[in-house]
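Undergrad: take a look and give me a structure for this.
(chains A and B)
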Number of protein chains: 2
Amino acid sequence: MQVLPEAVSKLLTSLTKLPGIGPKSAQRIAFYLVKAPREEIQLFYQALKEVGEKIKHCSICGFYAEGEVCKICQDASRDRSTICVVEKPQDVIALERTSYRGLYHVLQGSLSPLSGKTPQDLSIEELLQRIQKGNIKEVILATSPSVDGEVTALFIARKLRTFPIKISIVARGLPLGGDLELADELTLAQALEGRKELHVD
Amino acid sequence: MQVLPEAVSKLLTSLTKLPGIGPKSAQRIAFYLVKAPREEIQLFYQALKEVGEKIKHCSICGFYAEGEVCKICQDASRDRSTICVVEKPQDVIALERTSYRGLYHVLQGSLSPLSGKTPQDLSIEELLQRIQKGNIKEVILATSPSVDGEVTALFIARKLRTFPIKISIVARGLPLGGDLELADELTLAQALEGRKELHVD
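TA: Residues are numbered from 1 along each chain as shown, chains lettered A, B, ... in the order given. Got it, this is the predicted structure:
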């Protein structure tokens, strides 16, 4: 694409690096941006600039924050006695779509012997310190339903045994809207194991 | 997503406006960018900034240029006696993947009674002026093989009748790599009409 102006070439290079964006999509987006209103581009690059300069991890929970502490940890209206432990910041966004309004703790990954992730690489020590400070009544483990996620949840549950708090793990079972016939055997086994008694009058 | 820092929310808004990017992709890209190396983000927003501030249409052919004149019109090694007329800048990129190394003329659209595009909305007058200056031997009409594209090509061909130049239109026919069985009837009809005699020794 040597005929393109430098700036457009550079933009194409940057766009192609984004996840899920191939050369064709990058080109479509680049040409869209070249024709887009100046104000739209300005808003875009200012947001990018700010993300690059300002965003860091919340010093309490590890979620994204613009200052030292994230919006969730600052929010006094939340239930500050419950901490939901997740692997990554995206998981917080997913849980915020439910009615959960407690606090979070982002581990920044999961234990993984294969990729060399040890307890020291996760913010487990920080979680223990938060609980030691008191006021926490329940820790909900919401790691992924994968081998690494389960191992991480078990590891943390063991570390928390000595604290006088409730420790729970989010239920594994059939996803809603799915078809039982299509569920894999591991999910089915978990759904059977986690069955609940129904009380019918 | 009120829990997200302002900058990330703004970035999400900008990303969702891009063509082909839905809310899920926007979120994946935003979270990728938050974690990306600062230098990568910096290159990205600088390219965006430059595109927003510097890119305009070449004063000769209408392609994208950083200054007054685009790289193609500046290139002395090109065949300056042939002009390929296209509808939009993207078409130039597509043609540059072939061995064509003449000049271009970007109409900035096609005649379209339905969307109210008249000859005055396209850079047809500028094309006539370029030809009047002389030195042009052939004009290749490479508008889209759509109703609007064909009408535009015919309209321009009529305007150019009086000039002592060759006027051609890119061939319509079966796309390579396709299956004749799957070709639509209009394409097949064009392919039949445009058949070439084969000389076998």
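Undergrad: can I get the helix or strand of chain A with the lowest mean pLDDT in CSV, CA atoms only?
TA: Lowest mean confidence among the helices and strands of chain A (mean pLDDT, DSSP states H and E): helix A:185-193, at a mean of 81. C-alpha atoms of helix A:185-193 as CSV (Å, rounded to 0.1, in the frame of the first residue of the first chain):
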residue,chain,number,x,y,z
GLU,A,185,-20.7,-34.7,29.7
LEU,A,186,-18.6,-32.7,32.2
THR,A,187,-21.2,-29.9,32.4
LEU,A,188,-24.0,-32.5,32.7
ALA,A,189,-22.1,-34.3,35.5
GLN,A,190,-21.7,-31.0,37.4
ALA,A,191,-25.3,-30.2,36.8
LEU,A,192,-26.4,-33.5,38.3
GLU,A,193,-24.0,-33.2,41.2
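Undergrad: residues in contact with the nearest residue to A:Gly62 once chain neighbours are set aside?
TA: Once flanking residues are discounted, A:Gly62 sits nearest to A:Val106: 3.5 Å by C-beta to C-beta, 6 or more residues apart in numbering or on different chains. C-beta: built from backbone N, CA, C; applies to glycine. With C-beta atoms under 8 Å, 6 or more residues apart in numbering or on different chains as the criterion, the residues that contact A:Val106 are A:His57, A:Cys58, A:Cys61, A:Gly62, A:Phe63, A:Val86, A:Glu87, A:Lys88, A:Pro89, A:Asp91, A:Val92, A:Ser123.
Undergrad: surely the first one touches A:Gly67?
TA: No - with the criterion set as C-beta atoms under 8 Å, A:His57 and A:Gly67 do not qualify as a contacting pair; they are 11.4 Å apart.
Undergrad: what about those two, which has more around it?
TA: Just comparing A:His57 and A:Gly67: by other C-beta atoms under 10 Å in any protein chain shown the higher neighbour count belongs to A:His57, 17 against 12.
Undergrad: pLDDT wise, what is that one at?
TA: As summarised for this prediction, A:His57 has a pLDDT of 93.
Undergrad: again, but for A:Gln42
TA: For A:Gln42, the predicted pLDDT is 91.
Undergrad: okay, and which of the contacts of A:Val106 map to strands?
TA: A:His57, A:Val86 (DSSP state E).
Undergrad: and the furthest pair within the contacts of A:Val106?
TA: The most widely separated members of the contacts of A:Val106, counting by C-beta to C-beta, are A:Cys58 and A:Glu87 (15.4 Å).
Undergrad: list of residues touching the helix with the most length in chain A?
TA: Ordering each helix of chain A by length in residues (DSSP state H) puts helix A:38-54 first. The contact list for helix A:38-54 (C-beta under 8 Å, 6+ apart) reads A:33, A:66, B:5-8, B:10-11, B:13-14, B:17, B:30, B:33-34, B:38, B:41-42, B:44-45, B:48-49, B:51-53.
Undergrad: sorry, back to before: so what's the residue nearest to A:Gly62 bridging to?
TA: Beta-bridge partners recorded for A:Val106 (DSSP bridges): A:Val86.
Undergrad: and it, how close does it get to chain B?
TA: In this view, A:Val106 and chain B are 12 Å apart by C-beta to the nearest C-beta, to the nearest Å.
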